[in-house]
Each structure stands twice: as C-alpha cells, then as structure tokens.
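J.: Provided below are the primary sequence and the corresponding predicted coordinates.
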Amino acid sequence: MDLSAFDQRFRNDEGGAPAYAPALLLKIVLLAYSRGLVSSRTIESACQQNVLFMAVCGGATPHFTTLAAFVSGGGEGLSQVFTQVLVVCDRQGLIGRQLFAIDGVKLPSNASKARSGTRKEFQREARKMERAVQRMLARHRQEDLLHTCEPSLRVREVRQLERLQQEAAKTRTWLQAYRDDRRGVRGAIRKSNRTDNESAKMATGKGVIQGYTGVAVVDEKQQIIVAAQAYGVGQEQELLAPAVEAVQSLRTDATVLTADAGYYSEGNLARLTQLGIDAYVPDNGYRRRDPRYVGQEQHRSKPVPLYNKAPQPQKFQVFRPQDFCVAEDRSHCVCPAGARLYRNGHHRDRRGMVALKFTGRKTACGGCVLRARCLRTPATTPVRQVSLVLGPTVGKPETYTARMKRKIDSPRGRAMLARRFATAEPVFGNLRHNKRLDRFTLRGRTKVDGQWKLYCLVHNIEKLAHLGYARCR
C-alpha cells in the first residue's frame, strides 16, 4: 500500500521524539475498528494489554492523543487507502459490476441536537439569556441595599448568572462567525448547530438525532463497498447524484443501479435517464402495490416485546377517491351515501394525469349520516371535494415517476428490489451489529467521512481476506 499521503503529517526531523510510522497507526486503528473499538483511550489500553494488539504494533504503545489525531486527520490519506484496497479487490475478481445497490444509514454525531436552530432562533435565545442576566443583576442590587439575601442562595445564583453570561457570549460569538443560515438545494433554511455546524438534525425510525448520513454503494457479487461518503444531510434525495458520480469509473453500460425509496424524486429519475443508467428506484408507496407485503402494516408499531397481542380497533380512514362513482357523461359523481357531487371546474392536469374535480352541496353534506367517515375534520370542513384521475394527459409526455412505477411493479422490477435488499442490507448489518457502529465520534464532515471510510475499509479487507487471497490458496 502506498501511504505517502500520510508522510507530510508524520515527518518529524527537526526535534522531539520520532513519530510513529503511519503504517503502524493504520494497522492498529483497522484492527480496533474490526473489533468494535472506537475510543482512542480503549485502543491505547488494548495496545498495552491485548496480546493481539501487542503483536500488531510490535510492542509500541502510541498515546491515545496520537491515535485520535491520526483518525481525525486522516482525510485524503484514508480516501487513497480505500481506493487502493478497492483496486486489489477488483484484481481478485470480487467486483462484478452487474448491480450496484445504494443505501445509507443515519447515525448520531458528537453534537447535541438541543443546540440546533436557525440564526433567528439563536438570536432570540441570546436576547432571552441577556434579559435574564439583567433581571438577576437588578434583583441582586436591590437585595444588597435591603440585606435580605441568604449567603447560600447568593452563591447559587451567582453560579447561574455566570453560566447564563457564558452561554450568551458563546451564542453571540457563533453568530458572528456564521453570518448566514444553512440552505438546502431548493433554498430552504436548514437548522444550524452550534456544536457541529456541518451535521444535521434528521428524523429516524428511533426518533430525531443530530448526526450524519453514511452512504455506501455496494456491488452485488461479493458485497464489496465500491464507494463510501458521509454527509451532514437528512434528506437522501440529494445524495443520489454524488453516489452515482462516485462509481462512474466502475460502471459499465450493463450495470444496473438500485436505490432505496429515500432517494426517489422526479429530478433524480430524470437525471438517471439522461445518463442512460438502467436504474430501479422505488417510490414510497410501492409496498402497498406489491402483494408480497400484504398485512405488513400491522407489524409497524409494536411498543415493547410484551405488547398487547389482542386485536386492536382499526384506525379511522376516510373514503378514498376510488369509493366515488363517476357518471357516464362525467357531469357528476356519486358518493358512498348516494348523494351527487357536481363538477367544479374543467379538466385539471396533475403531474401528467387528467383529473376531474367534484364538490358536494352544503345541503347534502351538512346532514349526511356518513359525514364523520367522509371528512377528516367534520367540525370545520363544510363539504367534501374529490379529484378523480382519468388517465394520462393527451399530448403530454409521460413523467419519469409514472415510468418508474410501471418499471418497479413489473416482475423484473420486484426481482431487482429483492436483489437490492440482499446486497445492501447485510453490509449495514455487519457494520452496525458486528462492528458496533452506533455513532460517529468526530465533528466536521471531513473527519466523519474519514471515519465512515475506515469502517467500510475494514469491511472490504475482511471480504478480501475471506474471498480473495483465501480462495487462491
């Protein structure tokens, strides 16, 4: 392996103790990550007590600050090592280039979500703390004149006053350093974070976290990670283009690209079509159209292992547009209660589809016995309105979304989604469970990206050892 990218950082010819060789530090860190050891203090202790680490490091015991500086400052060097290992995997025939699966995982970072917000919110917090400080100082002056304050209470209030002053000063300093809000791809304001402004506040299946999204592109043949990147973005839709660009040199004309439903958008589908990529990116509702997932909804929310297994009442659901019958002349439609809803406007175009809009009468909807089942808010909504889709708009090209839905619902599309599950999910299971990757311990996108590449590097090296060189013996 060519480790010359680390030489400049670890060259120490002018004075002080000799620096540890980058190859030695890299071996120690890779071994630690393969055993689920992330803390630099834990790795230092292993170098002193674990015989396996002692054999790898040759009796050397790097200080935990040296190990931490190597991981956090790896940057471009770790990217080059990842690429070199990928080249070796390709030479061993472990990359098939038939199907690439793109997926990501959202993990907490070394930042507090309580310190997230916009500049306007931070300014309001700073003013609030400064007003509280002024009120406390005024009360102290009044108590000093009247001699009514107890010494024990005064000591506690002074400490609280100092904390408020320090927090307000830190907020003002941050506002001076970052004069603009973070913006999304469409210009919307994203919440900043005073601890790590490159991280993002994102929603997961287990609640809201402050962290990063680790994206991996996995080859189907032997589950080699061919691209790994970390982003401080919660919306995965904007992460598809960088992932596709990262594997451009590895793709062939016959390579099939699959991705999770989080990467689905009309713009992404248009971009993949323009590049001539055979892609399968499902929408959020593809499971409801797939008969293989019938009955899955009942398993979505189970609070605890010992939950109540008795049949629960079904959640309330209003009548859908499919429950309304359109007349032959399309002048009106009939609701489930038998009342007529009349045309409201002309033909409407909804994303390349022709739709008719119908509206009920107040006299019919006001006293309807099915009003509670027809309206989500019966107390405030006077009448029911419904749009019924008739079909594609004549003369207008079919949307990329409609094409992809038809492609996903085909037998080949469902087979490709099954192959995506079998390709990407075991990789993240290995990283999350076997390697105990439950959070990023660094701050800043560059450092977190290096740590994410280290984990993916360990995965590829294990694949190379078990399926590459081991197979040639």
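T.: Looks like it came in fine. Numbers count the residues shown, from 1 in each chain.
J.: what's near enough to touch residue 76?
T.: residue 5 (CB atoms under 8 Å, 6 or more residues apart in numbering). Every C-beta, even on glycine, is put in place using the N, C-alpha and C of the backbone.
J.: now it: how far from residue 69?
T.: Residue 76 is 15 Å from residue 69, where distance means CB to CB, to the nearest Å.
J.: any weak-confidence spans in the stretch 1-150 of the chain?
T.: For the stretch 1-150 of the chain, residues meeting the criterion pLDDT under 70 lie at 11-16, 147-149.
J.: all helices in it, in order from the N-terminus.
T.: Here the stretch 1-150 of the chain has its helices, by DSSP state H, counting those that start in this stretch, at 7-10, 22-34, 40-49, 51-57, 64-72, 76-91, 119-146.
J.: Out of those helices, flag the one nearest residue 256.
T.: The minimum distance between residue 256 and those falls on helix 76-91, with 18.3 Å, by CB to CB.
J.: and the angle for the closest one with helix 64-72?
T.: 60 degrees (axes from the mean of the first three to the mean of the last three CA atoms, to 10 degrees).
J.: just how off-centre is helix 76-91 within its chain?
T.: 25 Å (CA atoms, centre = their mean, to the nearest Å).
J.: can you count the residues close to residue 275?
T.: 14 (other CB atoms under 10 Å).
J.: what's the spacing between it and residue 404?
T.: 15 Å.
J.: Also residue 6?
T.: Counting by CB to CB - residue 6 and residue 404 are separated by 44 Å.
J.: Can you list the buried residues in the one helix or strand residue 406 maps to?
T.: Per DSSP states H and E: residue 406 is located in helix 400-408. Using 16 or more other CB atoms under 10 Å as the test for burial, helix 400-408 gives 400, 401, 404, 405, 407, 408.
J.: Can you give the contact residues for that helix?
T.: 264, 266, 269-270, 273, 280-283, 286, 289, 351-353, 392, 413-414, 417.
J.: which ones among these are found in helices?
T.: In helices, defined here by DSSP state H, the members of those are 266, 269, 270, 273, 286, 289, 413, 414, 417.
J.: tally of neighbours for the first one?
T.: A total of 13 residues lie near residue 266 under the criterion other CB under 10 Å.
J.: Who are the contact partners of it?
T.: 399, 400, 401.
J.: which of those residues lies closest to residue 116?
T.: Out of the contacts of residue 266, the member with the shortest distance to residue 116 (by CB to CB) is residue 401, at 32.4 Å.
J.: now that closest one: how far from residue 273?
T.: 11 Å.
J.: and if you look at residue 246?
T.: According to CB to CB, residue 246 stands 19 Å off from residue 273.
J.: for residue 137, same thing?
T.: Taking CB to CB, one finds residue 137 at 65 Å from residue 273.
J.: Repeat that for residue 453.
T.: In terms of CB to CB, residue 453 sits 30 Å off from residue 273.
J.: between these two, which one's more packed in?
T.: With other CB under 10 Å as the criterion, residue 453 and residue 273 differ in neighbour count, and residue 453 comes out ahead with 24 against 14.
J.: Quick one: mean pLDDT over the helix or strand harbouring residue 164.
T.: Secondary structure from DSSP H and E places residue 164 in helix 151-177. Averaging pLDDT along helix 151-177 yields 86.
J.: Low-confidence stretches in the stretch 351-473 of the chain?
T.: Ranges of the stretch 351-473 of the chain meeting pLDDT under 70: 351-352, 395, 469-473.
J.: Might you list the low-confidence residue ranges for the stretch 201-350 of the chain?
T.: 297-316, 345-350.
J.: What residue spans form the domains of the protein?
T.: By the record's domain assignment, the chain is partitioned as 4-72, 88-108+198-290+409-470, 119-180, 321-398 (automatic domain parsing).
J.: Name the single longest strand found in this protein.
T.: If you go by DSSP state E, the chain has its longest strand at strand 207-219.
J.: The helix or strand that it is followed by - contacts with which helices or strands?
T.: Sequence-wise, the next helix or strand downstream of strand 207-219 (DSSP H and E) is strand 225-231. Packing partners of strand 225-231 (3 or more CB pairs under 8 Å, 6 or more residues apart in numbering; DSSP states H and E): strand 207-219, helix 240-246, helix 445-463.
J.: Show residues contacting the host helix or strand of residue 372.
T.: Using DSSP H and E, residue 372 sits in helix 371-374. Residues outside helix 371-374 that contact it (CB under 8 Å, 6+ apart): 316, 318, 319, 335, 336, 337, 365, 368, 378, 384.
J.: for stretch 111-124, same thing?
T.: Counting by CB under 8 Å, 6+ apart, 125, 171, 174-175, 178, 180-181, 189, 191-196, 199, 201, 208-211, 443 sit against stretch 111-124.
J.: Give me the buried positions along that stretch.
T.: Buried-residue list, stretch 111-124, by 16+ other CB under 10 Å: 111, 113, 115, 116, 117, 119, 122.
J.: As CSV, these with distance to residue 65 would be great.
T.: As requested, the buried residues of stretch 111-124 are exported to CSV (distance: CB to CB, whole Å):
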residue, distance to residue 65
111, 21
113, 28
115, 26
116, 29
117, 33
119, 35
122, 32
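J.: now the farthest one out in the protein, which residue is it?
T.: Computed with CA atoms, centre = their mean, the residue of the chain farthest from its C-alpha average is residue 146, at 57.7 Å.
J.: thinking again about what came up before, would you turn the helices of the stretch 1-150 of the chain into CSV with distance to residue 462?
T.: Formatted as CSV, the helices of the stretch 1-150 of the chain follow (distance: least, CB to CB, whole Å):
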stretch, distance to residue 462
helix 7-10, 26
helix 22-34, 7
helix 40-49, 19
helix 51-57, 15
helix 64-72, 19
helix 76-91, 11
helix 119-146, 44
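J.: closest to residue 236 out of those?
T.: helix 76-91 (21.5 Å).
J.: quick one, the closest one and helix 22-34 angle?
T.: Using the same axes, to 10 degrees: helix 76-91 against helix 22-34 is 70 degrees.
J.: CA atoms only: put helix 76-91 into CSV for me.
T.: Coordinates of each C-alpha in helix 76-91 appear next as CSV, following Å, rounded to 0.1, in the frame of the first residue of the first chain:
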residue,chain,number,x,y,z
GLU,A,76,-7.3,12.4,1.9
GLY,A,77,-4.9,9.7,3.1
LEU,A,78,-7.7,7.4,4.2
SER,A,79,-9.5,8.0,0.9
GLN,A,80,-6.4,6.9,-1.0
VAL,A,81,-6.1,3.8,1.1
PHE,A,82,-9.8,3.0,0.5
THR,A,83,-9.2,3.3,-3.3
GLN,A,84,-6.1,1.1,-3.2
VAL,A,85,-8.0,-1.7,-1.4
LEU,A,86,-10.8,-1.4,-3.9
VAL,A,87,-8.3,-1.8,-6.7
VAL,A,88,-6.9,-5.0,-5.1
CYS,A,89,-10.5,-6.3,-4.7
ASP,A,90,-11.1,-5.7,-8.3
ARG,A,91,-7.9,-7.6,-9.3
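J.: buried stuff in it?
T.: For helix 76-91, by 16+ other CB under 10 Å, it's 77, 78, 79, 80, 81, 82, 85, 86, 89.
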